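In: got a structure for you, letters missing:
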DNA sequence: TATTAAATAGGATTCATTCCTATTTGTCAA
DNA sequence: TTGACAAATAGGAATGAATCCTATTTAATA
Ligand SMILES: [Mn+2]
Ligand SMILES: [Mn+2]
Ligand SMILES: [Zn+2]
Ligand SMILES: [Zn+2]
């Protein structure tokens, strides 16, 4: 990202915070700046470790709380997963996810067909739908080879 | 479910277990019998509390481990969620979910249109897709009225 | 610049899940 | 039918993630 693009982005960020009466703290700015560079659906802990490099005093709680706040005001998404630590998605564009059930990797993909899906009519009456995401589960190329999924927990969710 | 239907179901269950070299234990049978009656995407703890009524000695760990084992052999699904305790889905038919971000309720819905969605071609080469689910997030009828979502955590995930 | 409520740091706590291991038990073959 | 044995269980301990608590700091405002 170019520098002017980044500062545009930060201006937007500040406006967005103000709209929701959130104070512009150095912690929030630091977290946001790192967040928008992330491509890998980071956890709060991963973000904590990234941000603390430039902000050694920041606490885990602040990072986690801030990411949740960002989610609330629509600056980041929380990824739907089958378990494991919560993962955040700074890409707010319409897109969908493939989850590898072996290694836990989450891969973005884009599909007009998926995006254009309508919500069933009978549903609209009883529910207000904010987001619609397709979630695929399966094996990525690497994991397809290995296989040997003997341990239950590896088969079910990402395990370190 | 009629009695003969239930025993058919249990026969299937036993066959399925044997196919995977799993022993037929009274715990597994008890859990399975209760599981297939559940409509509400129960957690391990909820299943534990249901099963222990008829099996007072069973341990939480056994219930949780067994549900994960069932998931591994395709007797139950793990629901994709944005947090909170893991929830199981005994309905293995193709269907999709609406999640209320306020109260946490998960509602099934069925849609041929969703089911018939193809996976993007370029994707098939690099990934083996086992399941495809559409996840809607929003507000259910009840929660639409209340609103007042002031507490971040309530807005983000189900909170007791 | 003083006021004030919001936000933070850091430790404690809670909650879900997994691990550990002595004991029990289902399965299979003799 | 019984004995051997690996698999499964019970129950408690440990772990990991998320949340809570509260004294202190600080951004915003006038
Ligand atoms: Mn994404
Ligand atoms: Mn369901
Ligand atoms: Zn993988
Ligand atoms: Zn609701």
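Out: Structure received. If you're wondering where the values come from, they're calculated on a predicted model, not measured in any experiment. Residues are numbered from 1 along each chain as shown, chains lettered A, B, ... in the order given. Ligands and ions are numbered 1, 2, ... in the order given.
In: Pull the contacting residues for the closest residue in space to residue A:120 that isn't next to it in sequence.
Out: Nearest residue to residue A:120 in three dimensions, chain neighbours excluded: residue B:111, at 5.4 Å (CB to CB, 6 or more residues apart in numbering or on different chains). C-beta here means a position set from N, CA and C on the backbone, and glycine is covered the same way. With contacts defined as CB atoms under 8 Å, 6 or more residues apart in numbering or on different chains, residue B:111 is in contact with A:120, B:96, B:134.
In: Test my guess that the first one contacts residue B:112.
Out: No. Look at residue A:120 against residue B:112 with CB atoms under 8 Å: they stay out of range, at 9.8 Å.
In: In terms of neighbours, single out the busier of these two.
Out: residue A:120 (16 against 9; other CB atoms under 10 Å in any protein chain shown).
In: Against DNA strand D, how distant is the more buried one?
Out: 31 Å (CB to the nearest atom of the strand, to the nearest Å).
In: for residue A:96, same thing?
Out: On the measure of CB to the nearest atom of the strand, residue A:96 and DNA strand D end up 21 Å apart.
In: Ok, residue A:114 next?
Out: 26 Å.
In: part of a helix, is that residue?
Out: Yes. Under DSSP: H, G, I helix; E, B strand; the rest coil, residue A:114 sits within a helix.
In: Tally up the residues packed near it, please.
Out: Neighbour number of residue A:114 under other CB under 10 Å is 21.
In: again, but for the one 3 residues further on
Out: If you count neighbours by other CB under 10 Å, residue A:117 ends up with 16.
In: confidence score at it?
Out: Looking at residue A:117, its pLDDT reads 83.
In: Doesn't it belong to a strand?
Out: No. According to three-state DSSP, residue A:117 belongs to no strand; its state is coil.
In: what sits against the residue nearest in space to the middle of chain A?
Out: Centroid check for chain A by CA atoms, centre = their mean gives residue A:89 as the closest residue, at 1.6 Å. For residue A:89, the contact set (CB under 8 Å, 6+ apart) comprises A:41, A:76, A:77, A:78, A:79.
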